[in-house]
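Undergrad: requesting a structural model of the entry that follows:
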Amino acid sequence: MSELKEKTAKGLLWGGFGYGMMQVLNLVFGIFLSRLLNPSDYGIVGALTIFSALAVIFSESGFLLAIVNKKSISRIDYDSVFWFNVAMSLTLYSVLWVCAPLIARFYSQPEMVPLSRFIFIGFVASALSSTPSAYFFRNLNVKTRTKSQLIALGLSGVAGVTTAFAGMGYWAIAIQTVTYTGFNSLLLWVQCPWRPRFSFSFPALKEMLPFSLKQLAVSVFTQFNNNIFSVLLGRFYGMKITGYYTQGNKWTSMGTVTISGMLLGVGQPVLRQTIDDRERLHRVFRRLLRFTCLVSFPAMFGLDIVSREFIVILITDKWLDSVSVMQILCIGGAFLPLSTLYGNLFNSIGRPGIYMWNTIILGGLQTLSLCLTYRLGLTTMLIVYTIINILWVGVWQIMARRETGLKTRLVIADIVPYLLMAGIVMGGVAIITAPIESLWLKLATKVILGGGLYIVAVRLFRPDDFKEAIDFIRHKTLTHKS
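TA: The predicted structure is shown next:
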């Protein structure tokens, strides 16, 4: 048990540190690129994201999490998954290479032909590193994965900014994306003790197939749902509007990715080791849930109230139309890490089908809502999308109660205090600072006042959780009572 606690603490620590540093680097490089490029540059690359994202998912086919979830793993399992992923990635790249003119015609953007063929190289590199990444993931070695990502992000950021300075426009974003994937794959390979042999086993893949197919379905619908905005906007509103959405979504995602990344690094492996003790599973899940709420609600609500100052100060007022996008997405983004945690729970107890169907139905509802509301404008689309996302947390909990006996009243007692504290504090700070005219002064006041008041509120009303969070920061374990 002590080994699990230590791995959990280290995983959360490195996951939080890594994703936090990645967002800092993304922030720095993003500022440079946003100042050098225009909305159309971001729009044309953003419109292609769905194709490369889906290709990565199909090339991995859900086997990464299947390796993590398998009780015992052998070398032939790793080898079989690796060669399957390589074959799939090369096949998909060939198909998309041929389809590049059709994609360009769909968006009425001839320049997408060479651009898309270059960007799609990234998912081939990603497929090459998926098995080493699964090895580290299964063994809760978050530190190695984090170091590789940070180095790759730094190198790719320099490449992107340099090419943007050279006047290469949207090619700078494409070069940054492909360079990151390439360097990350190379670094994971160098550090991984596993090396592929020329061996392959269909029975090994077949054994993992039921789980992997469910993960594949989940990932496909998730990525499709996440990128349907760019598809619809690029097709009906043009690249400029798509660029505004892409920019607002990018900054919002920094917060949600950081928080969700901490959970993805340890959530499923840790919960999986408690499945034989239902009470312990509940305790560990609820502690992870409280920690998620403690961080997610103030971070995302805080980002919401500083979005205008953030955009104008850092990337100039040419991106002012991205503010409303960012504000709406931040509200919904506060609840996304909770869905991630529930997904970890269902996977850990061997019920990926629940995760799959919940995600499929959610994605279908959101896609339908977007198709029905796109004529009403971007703001309406975003509001409907966000409302559905928030309400769906209740559906996750209904399923969790049915499958594990996790009581809804206890979950509400874990979530609501942090929701209220963060909402009241950040809302009050926004009202108090409204008369301030200086953008710099308003930003600083919101950050200091909001952060300070929230810490005081947590310390007063949730002292045990506050102490637990401090213990975690001091390298202790989040689940010390379990």
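
Undergrad: all helices for the stretch 301-450 of the chain, in order.
TA: Using DSSP state H, counting those that start in this stretch, the helices of the stretch 301-450 of the chain run over 307-315, 322-333, 336-348, 352-373, 378-404, 408-432, 439-461.

Undergrad: comparing these, which comes out most buried?
TA: Mean neighbours per residue, mean count of other C-beta atoms under 10 Å, is largest over the helices of the stretch 301-450 of the chain for helix 336-348, with a mean of 24. Heads up, the C-betas are built off the backbone N, CA and C, glycines and all.

Undergrad: what angle separates it from helix 322-333?
TA: 40 degrees (axes from the mean of the first three to the mean of the last three C-alpha atoms, to 10 degrees).

Undergrad: where are the low-confidence patches of the stretch 51-200 of the chain?
TA: 52, 54-65, 68-71, 140-142 (pLDDT under 70).

Undergrad: re earlier: reformat the helices of the stretch 301-450 of the chain as CSV; add distance to R283 and mean pLDDT.
TA: Shown next, in CSV, are the helices of the stretch 301-450 of the chain (distance: least, C-beta to C-beta, whole Å; pLDDT from 0 to 100):
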stretch, distance to R283, mean pLDDT
helix 307-315, 36, 91
helix 322-333, 27, 92
helix 336-348, 13, 84
helix 352-373, 21, 83
helix 378-404, 12, 91
helix 408-432, 10, 94
helix 439-461, 20, 92
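
Undergrad: looking at those helices, which is nearest to R278?
TA: Among the helices of the stretch 301-450 of the chain, the nearest to R278 by C-beta to C-beta is helix 378-404 (6.7 Å).

Undergrad: coming back round to it: out of the helices of the stretch 301-450 of the chain, flag the one nearest F51.
TA: For the helices of the stretch 301-450 of the chain, the distance to F51 is smallest for helix 352-373, at 16.4 Å, taking C-beta to C-beta.

Undergrad: tell me what angle that closest one forms with helix 336-348.
TA: In terms of direction (the same axes, to 10 degrees), helix 352-373 departs from helix 336-348 by 150 degrees.

Undergrad: from the chain's centroid, how far away is helix 352-373?
TA: Centre-to-centre, helix 352-373 and its host chain are 17 Å apart (C-alpha atoms, centre = their mean, to the nearest Å).

Undergrad: could you export the helices of the stretch 301-450 of the chain as a markdown table, including distance to L294?
TA: Formatted as a markdown table, those follow (distance: least, C-beta to C-beta, whole Å):
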| stretch | distance to L294 |
| --- | --- |
| helix 307-315 | 22 |
| helix 322-333 | 16 |
| helix 336-348 | 11 |
| helix 352-373 | 24 |
| helix 378-404 | 16 |
| helix 408-432 | 6 |
| helix 439-461 | 7 |
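
Undergrad: G43: which of the ones you listed is closest?
TA: helix 322-333 (11.6 Å).

Undergrad: which other residues reach that closest one?
TA: Here helix 322-333 makes contact (C-beta atoms under 8 Å, 6 or more residues apart in numbering) with 244-245, 247-249, 251-253, 255-256, 300-301, 303-304, 307-308, 310-311, 378-379, 382-383, 385-386, 389-390.

Undergrad: if we go to 6 Å?
TA: Applying C-beta atoms under 6 Å, 6 or more residues apart in numbering, the contact partners of helix 322-333 are 244-245, 247-248, 251-252, 256, 300, 303-304, 307-308, 311, 382, 386, 389.
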